[in-house]
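the sequence and its predicted three-dimensional model are supplied below.
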Amino acid sequence: MIGLPKKMAYELALALLILNGVATEAAAQPVRQGSSSIEIPGATLESLLTLVRQANPELRMAAEDAQAAKARVGMAGALMDPTVTLLSSENMLSGGEGMSTSNEKFTVSVQQGFPLGGKRGLAKRSAEASARQQGHLERDMEQDVAMRLKMAFAENYQAIRVREGMVEIRDLLSRLAVIAEGRYVQGRGMQQDVLMLQADTAMMEADILRMDAERAAMRARINALIARDSETELADPVALRPLPAETLLTLDRLIGKLRERNPSLAALSAQAEAAESSAELMRRSWWPDLMVGVGLMTARDGTRSYEVMMGFNLPLQVGPRNAQIAEGAAMFRAARARLDNTLFQQQAELAAQLAELKAQRSIHNLLAATAIPRNQIALKSAASSFELGRGEVMGVLDAARRLRETRIELLKVEVEADKRLATIERLIGEDL
């Protein structure tokens, strides 16, 4: 800096030190949590997933529904309670007088109904299929809650890292504004530079406040999933999960997992089984139900006799039974169609999410390998020109801002890829 006044050289050196800190920010390590934050959940996704499985109220609700469905299996197909009949009879004359006290009888009888045609077995099969359906729905809820937690974790990570970048830009703008103001006072700078830097600093402060609100919203969403108050403290996320290897992300492999492990498909399959059993049960309503009974008759003189009864209902209501049979068949066909439609829709969704994930990975590689290094070179070039007196403050500032924006875009791509991965894991029913 030959030929420059000492004060100007000092200001230029200070500005370059500030800019150099921005240029090398990519290599900086994440801010470490204090020792007290080790016990606070949120630093890793695994710590939150453990809590959500233990405390999430939606999962507790689904678990209780599954237990209720299992309990109904024990009732399905069971015989109805027997009927006990008490009967007192006496032979009467036409005038109302008793013929003989010895003809008075007291009868106790018990009747029990027995459904025929395998109805009890069909009812039990239908209840067992419904219980399996509820168990799959419980697992489906687990996958859904886990996906929402993964997305909220990624968005919280993004909000925190973006805010950190905004704070650095604000500090840079503020310091450059001080340097520009000093030059203007000395008659070596323009007031326009000072005003623009101060205005940009204020705008960045507003962006930081908006990001604080977004962080609070993310914290509330995560705390709700783990059944805690919305303002309860969470540790800052350390890092996102690494993306799986390309070999694990082939469409055929993932579709195979979707067909085998997707809990919503398994629940619909069990629902179709229950509907099939119910439809068959309705078709067998034409079979009569048997009623068997036995009775003990005791006369006043102490003599006893026994009676055995047997009866059955007559399925003569043709219209209602045909309507029930048609309803059961239609419900079974609807369940099968719902299963087929869901399978096609989820396969299409899986293909779309996989394509988007691969696109985000490619964008990430492009930004990391090309855009960021070139923006770093541009910043160094602008800083060198400024050092030699051939550049302006705004040129350096613009180069630093472009580098920061590229890094923020890279962060957004990483978060978007993580969210696509969470959706794919939701569809295939397991983590990759």
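Now that the structure is in, tell me what you want to look at.

okay, CA-based contacts and neighbour counts for the rest of this
Fine.

report all helices and strands that the host helix or strand of R404 contacts.
If you go by DSSP states H and E, R404 is part of helix 393-428. Here helix 393-428 touches helix 6-23, helix 119-185, helix 251-261, helix 318-366, helix 372-387, going by 3 or more CA pairs under 8 Å, 6 or more residues apart in numbering; DSSP states H and E.

any stretches of the stretch 151-300 of the chain with poor pLDDT?
189 (pLDDT under 70).

burial count for A274?
27 (other CA atoms under 10 Å).

can you tell me the element it falls in?
Since the elements are taken from DSSP H and E, A274 ends up inside helix 263-283.

elements contacting that helix?
helix 119-185, helix 318-366.

the inter-axis angle of that helix versus helix 318-366?
Angle of helix 263-283 versus helix 318-366, following axes from the mean of the first three to the mean of the last three CA atoms, to 10 degrees, is 170 degrees.

residues making contact with helix 263-283?
For helix 263-283, the surrounding residues in contact (CA atoms under 8 Å, 6 or more residues apart in numbering) are 119, 122-123, 125-130, 132-137, 139-140, 259, 321, 324-325, 327-329, 331-332, 335-336, 338-339, 342-343, 429.

drop anything exposed from these.
The neighbour-count criterion (16 or more other CA atoms under 10 Å) marks 119, 122-123, 125-130, 132-137, 139-140, 259, 321, 324-325, 328-329, 331-332, 335-336, 338-339, 343, 429 among the contacts of helix 263-283 as buried.

ok, which of the helices and strands packed on helix 263-283 comes nearest F106?
helix 119-185 (34.7 Å; CA to CA).

other SSEs contacting the closest one?
helix 6-23, helix 45-55, helix 57-75, helix 191-225, helix 263-283, helix 393-428.

point out the most buried one among those.
Of all the helices and strands packed on helix 119-185, helix 263-283 has the most neighbours on average by mean count of other CA atoms under 10 Å, namely a mean of 23.

who are the packing partners of the helix or strand just after that helix?
Using DSSP H and E, the helix or strand that follows helix 263-283 in sequence is strand 289-299. Packing partners of strand 289-299 (3+ CA pairs under 8 Å, 6+ apart): strand 105-115, strand 304-312.

if you set the cut-off to 10 Å instead, what comes out?
Judged by 3 or more CA pairs under 10 Å, 6 or more residues apart in numbering; DSSP states H and E, the packing partners of strand 289-299 are strand 83-89, strand 105-115, strand 304-312.

export stretch 76-92 to PDB, keeping only CA atoms.
The C-alpha coordinates for stretch 76-92 follow below in PDB (Å, rounded to 0.1, in the frame of the first residue of the first chain):
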ATOM      1  CA  ALA A  76     -65.800 -62.100  18.100                       C
ATOM      2  CA  GLY A  77     -67.500 -65.400  17.300                       C
ATOM      3  CA  ALA A  78     -68.400 -66.000  20.900                       C
ATOM      4  CA  LEU A  79     -71.800 -67.500  21.700                       C
ATOM      5  CA  MET A  80     -74.500 -65.300  23.000                       C
ATOM      6  CA  ASP A  81     -75.300 -65.600  26.700                       C
ATOM      7  CA  PRO A  82     -77.800 -68.300  27.400                       C
ATOM      8  CA  THR A  83     -81.400 -67.400  28.200                       C
ATOM      9  CA  VAL A  84     -83.000 -68.600  31.500                       C
ATOM     10  CA  THR A  85     -86.800 -68.900  31.500                       C
ATOM     11  CA  LEU A  86     -89.000 -69.300  34.700                       C
ATOM     12  CA  LEU A  87     -92.500 -70.500  34.100                       C
ATOM     13  CA  SER A  88     -95.300 -71.200  36.600                       C
ATOM     14  CA  SER A  89     -98.500 -72.900  35.200                       C
ATOM     15  CA  GLU A  90    -101.800 -74.100  36.600                       C
ATOM     16  CA  ASN A  91    -104.700 -75.900  35.000                       C
ATOM     17  CA  MET A  92    -107.900 -73.800  35.400                       C
END
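
mind listing what's buried along it?
A76, G77.

state the distance from the residue nearest the centre of the chain to L51.
With distances taken as CA atoms, centre = their mean, D144 lies nearest the centre of the chain, 2.3 Å away. Note on D144: its distance to L51, by CA to CA, to the nearest Å, is 15 Å.

follow-up on the earlier one: so the residue nearest to the centre of the chain sits against I428, correct?
No. Look at D144 against I428 with CA atoms under 10 Å: they stay out of range, at 11.5 Å.

what's the helix or strand for the nearest residue to S47 once chain neighbours are set aside?
Counting by CA to CA, 6 or more residues apart in numbering, S47 lies nearest to P41, which is 5.8 Å off, once chain neighbours are set aside. In the assignment (DSSP H and E), P41 maps to no helix and no strand.

how many residues are close by P41?
19.

contact partners for it?
Counting by CA atoms under 10 Å, 6 or more residues apart in numbering, P41 makes contact with S47, L48, L49, T50, L51, E233, L234, A235, D236, P237.

Y184 too?
V178, M190, Q191, Q192, D193, V194.

one more time with 6 Å, if that's ok
Applying CA atoms under 6 Å, 6 or more residues apart in numbering to Y184 gives the contacts M190.

now P315
Here P315 is in contact with W286 (criterion: CA under 6 Å, 6+ apart).

how about it, secondary structure?
coil (DSSP: H, G, I helix; E, B strand; the rest coil).

sorry, back to before: distance to I408 added to the helices and strands packed on helix 393-428, as JSON lines?
What follows is the helices and strands packed on helix 393-428, written out as JSON lines (distance: least, CA to CA, whole Å):
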{"stretch": "helix 6-23", "distance to I408": "13"}
{"stretch": "helix 119-185", "distance to I408": "6"}
{"stretch": "helix 251-261", "distance to I408": "30"}
{"stretch": "helix 318-366", "distance to I408": "11"}
{"stretch": "helix 372-387", "distance to I408": "11"}
